[in-house]
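Student: Provided below are the primary sequence and the corresponding predicted coordinates.
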Amino acid sequence: MAPSKLKIALLQLDSFPTKQAAIANAFTQIRSAAKDNGAKLVILPECWNSTYSADEFGRAAERIPGGETSVALANTAKELGIWLVGGTYPEVDAGKVHNTCAVFGPQGEFVGKYRKMHLFDMDIPGICTFSESSVLTPGQEFLTFSVEGLNVGIGICYDQRFPEFAAIHRQLGTDFLIFPSAFDTYTGPMHFELIARARALDNSMFVALCAPARDTSKDYVAYGYSTLAGEHPEMLVVDLDLTLLEDIKKKIPVLKQKRNDVYELVRKK
Ligand SMILES: NC(=O)CCC(=O)C(=O)O
């Protein structure tokens, strides 16, 4: 029988000048989450081991699986016997670069990868201008997997702005949607938590956001504020009460009351 609780940890990681230093820090935190705090599923932020910059994506990109970060994450997942949602790091494949989240299982197995589907292109002059699509290729496929009976799905940051994305995950059976993220400091205070709550409410699912800690020395300053966190480096360990979802679905049965005779959401790929 599936357990009624799952202990998860969200690591709001600090930034480091080199990839190797970021990896070393992540592994200290992952070990602490698993060994000292009993987390069974550990989640890292978006772009946690490289600078979040269109100029840097290509330079930092590696193969997934098989590249330096993936090998290190797989070994750590195996050593600790945990599920590891590896945040995102840039991936290169057939000459194209993607913003990708790789997931590893308790035997160190590669569970799958999700490539950011909605690229972050925003132009608010003088405040925030970013063009992921100038260097990145968007993903086409959804990623879902099961952790101790809980159906988990992955999105990345800007994806959460698209209600259809989470609604398709609901169709796929996802009960826990995880977004490695790095919102900016302008939209973050207005939208970050609001969007996560909206997606959770619309779809009767758990939603977790895992962001890097704020580093004001960077060109792109990430907002921080992973689900339940502030702006500084933090580790959040939470027991997901899996019975809550079934209870909510029974009490507020909106999922069964869709009018598919009147409207329909269609997944094309
Ligand atoms: N990394 C991102 O996708 C940033 C998204 C963001 O800041 C937003 O407002 O949306």
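Tutor: Received, thanks.
Student: Look up the residues forming beta bridges with residue 144.
Tutor: Per DSSP bridges, the residues bridged to residue 144 are residue 153.
Student: From residue 169, how far out is it?
Tutor: Here the criterion is Cβ to Cβ, to the nearest Å. By it, residue 144 lies 7 Å from residue 169. (C-beta placed from N, C-alpha, C; glycine too.)
Student: Need the overlap of contacts for those two.
Tutor: With contacts defined as Cβ atoms under 8 Å, 6 or more residues apart in numbering, the residues shared by residue 144 and residue 169 are residue 153.
Student: These two: which has the busier surroundings?
Tutor: Neighbours were counted for residue 144 and for residue 169 using other Cβ atoms under 10 Å; residue 169 has more, 27 against 17.
Student: would you say the more buried one is within a strand?
Tutor: No - counting by DSSP: H, G, I helix; E, B strand; the rest coil, residue 169 falls outside a strand, being helix.
Student: residues in contact with it?
Tutor: 142, 144, 153, 155, 177, 203, 205 are the contacts of residue 169 under Cβ under 8 Å, 6+ apart.
Student: surely the last one meets residue 170?
Tutor: Read that as residue 205. Yes - the pair residue 205 and residue 170 qualifies as a contact (Cβ atoms under 8 Å) at a distance of 6.5 Å.
Student: Could you list the low-pLDDT ranges of the protein?
Tutor: Low-confidence segments of the chain, defined by pLDDT under 70, are located at 1-2.
Student: how about the helices in the chain?
Tutor: In the chain, the segments counted as helices under DSSP state H are 19-31, 54-60, 68-80, 163-172, 187-203, 242-251.
Student: Ok, which of those helices comes nearest residue 117?
Tutor: helix 163-172 (6.9 Å; Cβ to Cβ).
Student: Contact residues of this structure facing the ligand?
Tutor: 46, 120, 157-158, 161, 182-184, 187, 191 (Cβ under 6 Å from any ligand atom).
Student: Buried ones among those?
Tutor: Under a neighbour-count criterion of 16 or more other Cβ atoms under 10 Å, the subset of the residues of the chain next to the ligand counted as buried comprises 46, 120, 157-158, 161, 182-184, 187, 191.
Student: Please name the residues that touch residue 195.
Tutor: 160-161.
Student: Kindly recompute the last result at 6 Å.
Tutor: Residues counted as contacts of residue 195 (Cβ atoms under 6 Å, 6 or more residues apart in numbering) are residue 160.
Student: Equivalent analysis for residue 147, please.
Tutor: Applying Cβ under 6 Å, 6+ apart, one finds that residue 147 lies in contact with 41, 83.
Student: So residue 205 and residue 170 - more neighbours on which side?
Tutor: More crowded of residue 205 and residue 170, by other Cβ under 10 Å: residue 205, with 22 against 19.
Student: My read is that the more buried one contacts residue 173, right?
Tutor: No - Residue 205 lies out of contact with residue 173 (Cβ atoms under 6 Å); the separation is 9.9 Å.
Student: count of residues packed around residue 135?
Tutor: Other residues lying near residue 135 total 18 when counted by other Cβ under 10 Å.
Student: That one is in contact with residue 54, isn't it?
Tutor: Yes - using Cβ under 6 Å, residue 135 is in contact with residue 54, at 4.9 Å.
Student: Tell me the buried residues in stretch 188-205?
Tutor: Within stretch 188-205, the residues scored as buried using 16+ other Cβ under 10 Å are 188, 191-192, 195-196, 198-200, 203-205.
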